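Novice: sequence? don't have it. structure:
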Ligand code: GDP
Ligand code: IMO
Ligand code: MG
């Protein structure tokens, strides 16, 4: 069985929770794109784990975690994460594989990310400043340095010196302090020593696992509305988020995937800039932000809040070929008198699909809303769909009908067990 989990909105839909849940039955858990711009939260009892690079189901004892070739790695962040889970008694010995083909995030990538953002001024994109865009840019322009070079230290040094020399010239143009080559090389040599035991050919492992019909769980990051092609670019991230990213990012053919789960948060949130048609600026937004703890897992920034945008989600489920939906954080809507969902976009008096819009259209259009009566009850303790307040049931059924895809899981709390299965 191969399960893929994809965020259907602008990220932070609750993918980490679903991945941990599906991880109960998984043999292998795979990250296949993105980097530590991702922040996926798993809550176990009173402990919260914000995963940035490790697969979110790594805490499950039988799971082997794979960081496949499409992921870009900041070694320092990864080592800290490994040490954090090991400190809590979860040993990663023989439990983690890092692909030789992963590209490395370098100090100059982070410096460039920040320098570009500062130079953009009022047009800044609101990146996480983790070096994501510059690292993927180097990857596609043959200037990247991979985990492969960590295995071949002389090659690493040669490549690093060449790249750092050029990048420092660019940083000079931005009037930014250059990176210290000698110090960076010493640091990366230390990281190398710590990561070597995990480095391997992840493709062979995954191919064998798929042929042996093992249970493989593919963990998407971000959300399709941030996809490098299908976002309102340039308000995007550096990787593709859609289903095809599994093939390029791990080597597994998409045709082998059985379940493509779209994670749909019952409202929406966004960190960073760019248009957000259903954004709320009123007390309801504040209420949802506080109740839902909508502050970035990676950067701590307050998240922008909006009503569920079904026009956008319909597009993302279509483009990813999703066949299962998990709705999350519906408990956060408890206590609202009225709940709205966007069922289409109107621009200059005419309906327009999401796919025809760029950032300019998305900023100008009017969402067409359907309104629902809310419910008052706290629903975190509910485990059967029929026990949910009638208005909450109607909300879920409407989403299901609109998307034409079955809602199989309704998450009603951050904890592992707070779920309704349908
Ligand atoms: P991800 O990036 O998609 O994994 O999502 P994040 O972890 O960045 O943000 C989701 C937040 O909501 C985390 O703090 C989760 O613990 C929490 N969460 C997930 N599902 C639910 C839910 O159904 N209800 C509530 N109240 N919190 C949830
Ligand atoms: P998870 O996996 C929310 C957003 C950033 C910014 C844009 C570009 O936790 O859902 P980048 O640093 O990637 O160059 O920033 O993309 N972004 C996310 N927003 N959740 C994420 O990941 C995100 N990953 C990137 O906020 O707007
Ligand atoms: Mg997140």
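Specialist: Right, received. Where do you want to start? These numbers come from a predicted model, not from an experiment. Ligands and ions are numbered 1, 2, ... in the order given.
Novice: what comes up buried for stretch 377-397?
Specialist: 379, 382, 388, 389, 392, 395, 396 (16 or more other C-beta atoms under 10 Å). From N, CA and C alone the C-beta is placed, and that goes for glycine too.
Novice: try stretch 87-99
Specialist: 90, 92, 96, 97, 98, 99.
Novice: In strands only, show me the residues you listed.
Specialist: Within the buried residues of stretch 87-99, residues falling in strands by DSSP state E are 96, 97, 98, 99.
Novice: just to revisit the earlier point, of all the buried residues of stretch 87-99, which comes closest to residue 27?
Specialist: residue 97 (12.6 Å; C-beta to C-beta).
Novice: Give the helix, strand or coil label for residue 346.
Specialist: strand (DSSP: H, G, I helix; E, B strand; the rest coil).
Novice: Give the burial count for it, as a bare number.
Specialist: Residue 346: 12 surrounding residues under other C-beta atoms under 10 Å.
Novice: partner residues bridging it?
Specialist: residue 351, residue 366 (DSSP bridges).
Novice: what are the ranges of the helices in the stretch 201-350 of the chain?
Specialist: 202-211, 244-250, 283-291, 310-320 (DSSP state H, counting those that start in this stretch).
Novice: Quick one: residues contacting residue 246.
Specialist: 4, 32, 218, 252, 254, 257 (C-beta atoms under 8 Å, 6 or more residues apart in numbering).
Novice: The second one: what's it in contact with?
Specialist: Just to be clear, that refers to residue 32. So residue 32 contacts 68, 69, 70, 71, 218, 219, 220, 245, 246, 249, 250 (C-beta under 8 Å, 6+ apart).
Novice: pretty sure the second one is touching residue 250, no?
Specialist: Yes: at 6.7 Å, residue 69 and residue 250 qualify as touching, with contact defined as C-beta atoms under 8 Å.
Novice: The two: which has the busier surroundings?
Specialist: residue 250 (26 against 23).
Novice: so residue 216 touches residue 207, yeah?
Specialist: No: using C-beta under 8 Å, residue 216 is not in contact with residue 207, being 10.8 Å away.
Novice: Which residue is the nearest non-sequential neighbour of residue 139?
Specialist: residue 103 (4.9 Å; C-beta to C-beta, 6 or more residues apart in numbering).
Novice: ditto for residue 153
Specialist: Closest to residue 153 by C-beta to C-beta, 6+ apart is residue 192, at 6.8 Å.
Novice: quick one: low-confidence parts of this structure?
Specialist: Within the chain, not a single segment meets pLDDT under 70.
Novice: Got the domain ranges for it?
Specialist: Domain ranges of the chain: 2-99+199-260, 103-196, 264-421, per automatic domain parsing.
Novice: which of those sits most buried?
Specialist: A comparison of the domains of the chain by mean neighbour count, using mean count of other C-beta atoms under 10 Å, puts domain 2-99+199-260 on top with a mean of 21.
Novice: ok, it near ligand 1 or not?
Specialist: Yes: Domain 2-99+199-260 reaches ligand 1 (C-beta under 6 Å from any ligand atom) through 7, 11, 12, 13, 14, 15, 16, 17, 39, 40, 41, 43.
Novice: Which residue does the stretch 301-422 of the chain have closest to ligand 3?
Specialist: residue 303 (9.4 Å; C-beta to the ion).
Novice: residues in contact with that residue?
Specialist: Per C-beta under 8 Å, 6+ apart, neighbours of residue 303: 12, 269, 270, 271, 289, 294, 295, 296.
Novice: Which parts of the stretch 301-422 of the chain are strands?
Specialist: Counting by DSSP state E, counting those that start in this stretch, the segments of the stretch 301-422 of the chain that form strands are 304-306, 308-309, 324-328, 338-347, 350-351, 366-373, 407-411, 419-421.
Novice: So what touches stretch 396-411?
Specialist: 14, 17-18, 21, 261-262, 264, 308, 310, 313-314, 317, 322-330, 341, 343, 370, 372, 385, 388, 418-422.
Novice: For the residue in the stretch 251-400 of the chain that ligand 3 sits nearest to, which non-adjacent residue is spatially closest?
Specialist: Residue nearest to ligand 3 within the stretch 251-400 of the chain: residue 297 (4.3 Å; C-beta to the ion). Leaving aside its chain neighbours, residue 297 sits nearest to residue 39 (2.8 Å; criterion: C-beta to C-beta, 6+ apart).
Novice: my guess is that neighbour contacts residue 51, does it?
Specialist: Yes: counting by C-beta under 8 Å, residue 51 is a contact partner of residue 39 at 7.4 Å.
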